[in-house]
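Q: dropping a prediction and its sequence here:
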Amino acid sequence: MRDRPEADDSEEFSLVLGGPLYQLLLRTRLARPHLDLLQRRVVAITLVAWLPLLVLSALEGRAFGLVGIPFLKDLDAQVRLLVALPLLILAEKIIHERLRPAVTLFVEKGIVRPEDRPRFDEIVSSTMRWRNSVVWSLVFSHSSSP
């Protein structure tokens, strides 16, 4: 049913499988090509985010007391690091599994009209180029920091 013989990016679409962070996760063995090792990623990334803060706050005497809200009693920080962060990491697999087929269904169900197909394919390709961009990853990671 395909009008064009070349590879269809919408069938290979993924916001998760690709890009610099994904390559780093593969090299550090925190992921496998199909997003396996999810529990390992949750534990490792959470520890990398939380443990240095605990150590630094303990060294400054701010982990348990001596300040208005010690690090370990700061509910906001603990929830962000120990609840929200693991949930975001768990969500990547769900996003991948649901978004990839949805993009293909846009074409199969006629949501994308045949005359709009070239533009749709270009949008999908552009999205995948942005996902793979080292510059975009660096800009996005710095702009989302508090």
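A: Looks like it arrived, so ask away. Residues are numbered from 1 along each chain as shown.

Q: where does the protein dip in pLDDT?
A: Scanning the chain with the threshold set as pLDDT under 70 gives 1-11, 136-146.

Q: so in it, which helix runs the longest?
A: In the chain, with assignment by DSSP state H, the single longest helix is helix 85-108.

Q: can you give the distance of that one from its chain's centre?
A: 11 Å (CA atoms, centre = their mean, to the nearest Å).

Q: residues contacting it, please?
A: Helix 85-108 has contacts (CB atoms under 8 Å, 6 or more residues apart in numbering) with 10-11, 13-17, 35, 38, 41-42, 45-46, 49, 111-112, 117, 120, 124. Every residue, glycine included, has its C-beta placed from N, CA and C.

Q: can you rerun that using 6 Å?
A: Contact partners of helix 85-108, identified using CB atoms under 6 Å, 6 or more residues apart in numbering, comprise 10-11, 13-14, 16, 35, 38, 41-42, 45-46, 49, 112.

Q: that helix: which residues count as buried?
A: The neighbour-count check on helix 85-108 (16 or more other CB atoms under 10 Å) flags 85, 86, 89, 92, 96, 100, 103, 107 as buried.

Q: as CSV, those residues with distance to residue 74 would be great.
A: Formatted as CSV, the buried residues of helix 85-108 follow (distance: CB to CB, whole Å):
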residue, distance to residue 74
85, 15
86, 18
89, 21
92, 26
96, 33
100, 38
103, 40
107, 48
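
Q: closest to residue 134 among these?
A: Taking CB to CB as the measure, residue 134 sits nearest to residue 92 out of the buried residues of helix 85-108, at 19.1 Å.

Q: how close does that closest one sit to residue 81?
A: Distance of residue 92 to residue 81, given as CB to CB, to the nearest Å: 17 Å.

Q: which SS state does residue 61 fall under?
A: Secondary structure of residue 61, reduced to three states by DSSP: H, G, I helix; E, B strand; the rest coil: coil.

Q: which residues touch the helix or strand where residue 52 lies?
A: For residue 52, the host element (DSSP states H and E) is helix 38-59. Here helix 38-59 makes contact (CB under 6 Å, 6+ apart) with 30, 63, 71, 81, 85, 86, 89, 93.
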